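Trainee: Got a predicted structure here, sequence first:
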Amino acid sequence: MNWLPWSEALGLVELPPGYAVQTMRGEHVAPVAAALSQWHPDITYGVNSVFLREDFYRDRVCLDGAVDKDVIALTVWHGDELVGLWAGEREVDSLALWGRLVVIAPEHVGRGITRRIIEGMEEAGRRMGAAFIYAMVTLKHRYMQQGLENGGYRLLGFFPGYDRELVAPGVVKRVYQAVYAKLLAPEDNVLRPDVKNMTPTAKALYTLLFPD
């Protein structure tokens with residue numbers, strides 16, 4: 001499951017007028033880290049704190065037009081102003097994509113940027129052979145929850161205490177995350193589980209989440 005060439009992948013993201021996406025470049029690392037700290041101070045701790053570290057980009061992220069690593073990142077621009085970042089990770093053995101992070105500068109939220117990036121990267125996933133795409137999102141606000149639900153993603157549940165966040169000055173706590181996913185593979189490629197093999201608790205949750 002290889003990343004698409006950037007010339008094809010970027011063409012799948014149709015942003016509102018005045019906005020554009022670019023591939024992550026080495027010279028973007030420091031400005032992106034500084035912007036993330038400003039837009040999303042909670043990122044200082046937890047799973048996405050890696051996006052503040054230069055070594056993460058060097059070791060794990062495709063940079064300067066390459067498609068040779070497991071994480072890709074798109075920077076979002078309004079003219080010459082950096083206004084957002086989307087990052088995703090491929091899981092080659094399971095043919096899955098993890099939508100790791102999307103952050104838009106507060107003054108540009110609500111303009112359809114996030115939705116259009118997610119739609120474009122979802123289509124890129126289909127074209128590269130991904131069968132499944134998922135994301136974990138905060139429960140501190142409804143923005144990403146509503147966006148994923150509007151995009152046809154299914155809420156699968158909650159990870160209690162999965163991540164860490166700065167919840168008040170000097171106070172870091174483990175927090176709940178909502179888990180959303182969408183099947184990209186055809187339904188006839190999926191084996192449905194037999195409820196006879198489930199505990200009553202598992203069966204109750206399964207029938208609630210998958211009533212069809």
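Mentor: Okay, I see it.
Trainee: in the helix or strand of the chain with the lowest mean pLDDT, what's buried?
Mentor: The helix or strand of the chain with the poorest confidence is helix 143-150; it has a mean of 90 (mean pLDDT, DSSP states H and E). Within helix 143-150, the residues scored as buried using 16 or more other Cβ atoms under 10 Å are 144, 145, 147, 148. In this view, the C-beta of every residue, glycine as well, is placed from N, C-alpha and C.
Trainee: ditto for stretch 96-104
Mentor: Neighbour-count burial for stretch 96-104 [16+ other Cβ under 10 Å]: 96, 97, 98, 99, 100, 101, 102, 103, 104.
Trainee: now, which of these sits nearest residue 112?
Mentor: residue 104 (10.2 Å; Cβ to Cβ).
Trainee: where do the strands sit along the chain?
Mentor: Using DSSP state E, the strands found in the chain span residues 19-23, 71-78, 81-91, 96-104, 132-138, 154-168, 171-183.
Trainee: Which among the ones you listed is found nearest to residue 7?
Mentor: It's strand 19-23; of the strands of the chain, that one is closest to residue 7 (Cβ to Cβ) at 10.0 Å.
Trainee: and the residue nearest the centre of the chain, what does it touch?
Mentor: Closest residue to the average C-alpha location of the chain: residue 99 at 2.2 Å, with Cα atoms, centre = their mean. Applying Cβ atoms under 8 Å, 6 or more residues apart in numbering to residue 99 gives the contacts 86, 88, 118, 121, 133, 134, 135.
Trainee: Quickly check these for the two that are furthest apart.
Mentor: It's 86 and 134 that sit farthest apart of the contacts of residue 99, by Cβ to Cβ, at 14.8 Å.
Trainee: Look at those two and report which has more neighbours.
Mentor: residue 86 (24 against 18; other Cβ atoms under 10 Å).
Trainee: tell me the pLDDT at the more buried one?
Mentor: You'll see residue 86 listed with a pLDDT of 97.
Trainee: hey, what's it bridged with?
Mentor: Counting by DSSP bridges, residue 86 forms beta bridges with residue 74, residue 102.
Trainee: my guess is it meets residue 116, correct?
Mentor: No. Shown here, residue 86 and residue 116 do not form a contact pair, counting by Cβ atoms under 8 Å, at 10.2 Å.
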